[in-house]
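Novice: when you get a sec, could you give me coordinates for this:
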Amino acid sequence: GDGPVNNGLCEEPLSIERTMSLRGTLILLIVVFHCSFYYHFEFPDIGHIAVASFLFFSGYGLELSLDRKRDYLNGFLTKRVFGILVQYWVIAITIEVVGMLLYLDASGCFQRLSDALFMTPHWFVLEILVLYVLFFLTATLFRDRTILRLAVMTVSSFILSFMMYSHYGLV
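Specialist: The predicted model follows:
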C-alpha cells in the first residue's frame, strides 16, 4: 500500500530505556577498571573509553529530558549532586571493605575512607559534578535556544577536559 515503509529502524535508538543496559555495562567496566589498579589485577585499558561513552549517553539523556519535561530543572542540582556523591561514597566504602576482607589488612583503611568521604572527590566524580552544573547553567540561560546551549556546553566540556588534564594529568 501507500502507507509508511517500515525499514526496521528505531525512531529513538538512544532513548533512556534502550541504553539502560549499555550504560549499566559501562558503569561496571569503569568500576572494574578502577578496581584493577586498587586490587592489582590485569584488565584492558578501556576505562577512559567507557567514561567518555557513559558521559555521552548521560548528556544525551539530559538533553532529551530537558526537551520533554517543562519542569525538569526544578531541584535538578540538588538531586544530581547529592545522588552522585552518595553513589561515590557507597562505592568507596564498598571497595574499602572488600579490600579489607580480601587482604585481611586494615592498615590505612580508615585514612582512605576518610579521604574518600571528606576530601575532594576523585577527578571523574568532580568532572561529572561540574558537567551537571554546566548543564544546569546552560539550560537555565539558553533553555529555548538549543543550538546555542549545545554549542556552549560542547565548548565548556572541552575546556573542562583540558583543565582536568592540566590539574590531574588525566583526560
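Novice: only C-alpha atoms from now on, for both contacts and neighbour counts.
Specialist: OK.
Novice: max-length helix in the protein?
Specialist: Taking DSSP state H as the criterion, the chain has its longest helix at helix 76-103.
Novice: list the helices and strands that one packs on?
Specialist: If contacts are counted by 3 or more C-alpha pairs under 8 Å, 6 or more residues apart in numbering; DSSP states H and E, helix 76-103 sits against helix 109-118, helix 123-141.
Novice: what residues does the shortest one touch?
Specialist: Under the contact criterion C-alpha atoms under 8 Å, 6 or more residues apart in numbering, helix 109-118 has outside partners 89, 92, 93, 96, 100.
Novice: any of those buried? List them.
Specialist: 89, 92, 93, 96 (16 or more other C-alpha atoms under 10 Å).
Novice: what's the nearest residue to the second one if we skip its chain neighbours?
Specialist: Closest residue to residue 92 apart from its sequence neighbours, by C-alpha to C-alpha, 6 or more residues apart in numbering: residue 116 at 6.3 Å.
Novice: and for the one you found, the neighbour number?
Specialist: 19 (other C-alpha atoms under 10 Å).
Novice: tell me the pLDDT of it.
Specialist: We have a pLDDT of 72 for residue 116.
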